[in-house]
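K.L.:
only the shape, not the letters, is given here:
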């Protein structure tokens, strides 16, 4: 039986005796043979599940089947023998008179215009744009995000004036949300990032009370948002739940910084307490989903703008290798990871003590079975990047 990524199920009956042996091995006195079952050339690419059962004896086994192209996608300009030069930037490091001391997608548009008009570049390289923590005294780095997915993006880079569907809540917005208030934080460093991002996040959170009213039921925008939420599925749902819980619990206990310090009943995404929280605070959860959708649309618009301006490759962005052990990944999908693993580079002249980061690797017992969410969800981290940008590193 094959369960295709789209949900269709194909059942086959095969006589093993009619299949030629394509390999043989003897191990500990037991002989093993390999038989190959052909697939039609039209078999869809994607993440599928295969289950095999023997008619006699009841033996059965299941495995993941991944059908992919013969090679990675190559931009036409490179595939046809061309070359491209560009500039790599740390988006958060851009400064402008209008931003809050932290570069955002509006500033990226300005860089695109400059590189296209004056430099005639072919691409812009971006640092990882994953969601990152914004809490003292813990690490703040685009290379150690709270969720290692290119489809979960940091709110610090949003174009605040372009977020649609959020109504102003009178009396709830303070001077903390103005660029002048954060001007002193523009010096850089982890403390500077904290100071720059905090009012940006606060400016978003103060609008949650008027959020739903900004998306009229039955409107085209509401339908598009609903389709996005359905496509992202449980991965987005759990991330938004983690964000809402993180904010809610930290307000009640300012010493509570990370989910391992949360009350026990909230450390499990499937607990009754977590479900009750989602029911009571559904608007806050929905708000974080909406922010992710809006930021994704803005990044797609930036890529489209770069191509219109003549950048042959447009944008590409890096992906973090590690994920924060106190972030949303481990809270939301703990059975699929082994904690305590670290990855990085060996010592060199730049970093004599080596460069390592906390990392989580999928456990062997869970990688062979479907992860949470749909099969399409599981391929989304890479597929989403290709949709929005030219490539990844």
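P.N.:
Now that the structure is in, tell me what you want to look at. A quick note: this is a predicted structure, and the numbers were derived from the prediction, not measured.

K.L.:
just the pLDDT for the residue lying farthest from the centre of the chain.
P.N.:
No residue in the chain sits farther from the centre than residue 29, which is 47.0 Å out by CA atoms, centre = their mean. Note for residue 29: predicted pLDDT of 89.

K.L.:
same check, this time on residue 148
P.N.:
Each residue has a pLDDT score; the one for residue 148 is 79.

K.L.:
likewise residue 182?
P.N.:
Note for residue 182: predicted pLDDT of 43.

K.L.:
repeat for residue 392
P.N.:
47.

K.L.:
just residue 25 next, same as before
P.N.:
You'll see residue 25 listed with a pLDDT of 92.

K.L.:
repeat for residue 333
P.N.:
pLDDT recorded at residue 333 is 89.

K.L.:
number of nearby residues for it?
P.N.:
20 (other CB atoms under 10 Å). Where C-beta positions appear, they are placed from N, C-alpha and C, glycine not excepted.

K.L.:
in this structure it contacts residue 238, no?
P.N.:
Yes. The criterion here is CB atoms under 8 Å, and residue 333 meets it with residue 238 at 7.5 Å.

K.L.:
can you pull up the most central residue in the protein?
P.N.:
Closest-to-mean residue, the chain, CA atoms, centre = their mean: residue 149 / 2.2 Å.

K.L.:
what does the host helix or strand of residue 111 contact?
P.N.:
Secondary structure from DSSP states H and E places residue 111 in helix 105-114. By CB atoms under 8 Å, 6 or more residues apart in numbering, the residues outside helix 105-114 that reach it are 87, 89, 91, 94, 96, 98-99, 124, 126, 157-159, 161-162, 295, 298-299, 302, 305-306, 309, 311.

K.L.:
equivalent analysis for stretch 263-282, please.
P.N.:
Applying CB under 8 Å, 6+ apart, the contact partners of stretch 263-282 are 238, 241-242, 244-245, 248-249, 259-260, 285, 331-332.

K.L.:
how does it look with 7 Å?
P.N.:
Stretch 263-282 has contacts (CB atoms under 7 Å, 6 or more residues apart in numbering) with 238, 241, 244-245, 248-249, 259, 285, 331-332.

K.L.:
ends of it, how far apart?
P.N.:
From the first residue to the last, stretch 263-282 extends over 20 Å; the measure is CA to CA, to the nearest Å.

K.L.:
what do you get for stretch 253-268?
P.N.:
19 Å.

K.L.:
what's the answer for stretch 313-323, then?
P.N.:
End-to-end distance for stretch 313-323, by CA to CA: 28 Å.

K.L.:
give me the distance from it to the chain's centre.
P.N.:
11 Å (CA atoms, centre = their mean, to the nearest Å).

K.L.:
in that stretch, what's buried?
P.N.:
Neighbour-count burial for stretch 313-323 flags 313-320, 322-323 (criterion: 16 or more other CB atoms under 10 Å).

K.L.:
could you do stretch 297-308 as well?
P.N.:
Across stretch 297-308, burial judged by 16+ other CB under 10 Å covers 297-299, 302-303, 305-306.

K.L.:
most widely separated two among these?
P.N.:
Using CB to CB, the two most remote members of the buried residues of stretch 297-308 are 297 and 306, lying 15.2 Å apart.

K.L.:
next secondary structure after the helix holding residue 111?
P.N.:
Per DSSP H and E, the first helix or strand lying C-terminal to helix 105-114 is strand 123-126.

K.L.:
what strands flank that following strand, and is each parallel or antiparallel?
P.N.:
Partners of strand 123-126 in the sheet, by DSSP bridges, are strand 86-89 (parallel), strand 314-317 (parallel).

K.L.:
mean confidence score for the last one?
P.N.:
Going back to what we said before, that points to strand 314-317. So the average pLDDT for strand 314-317 ends up being 89.

K.L.:
contacts for stretch 10-18?
P.N.:
For stretch 10-18, contacts defined as CB under 7 Å, 6+ apart pick out 1-2, 4, 35, 37.
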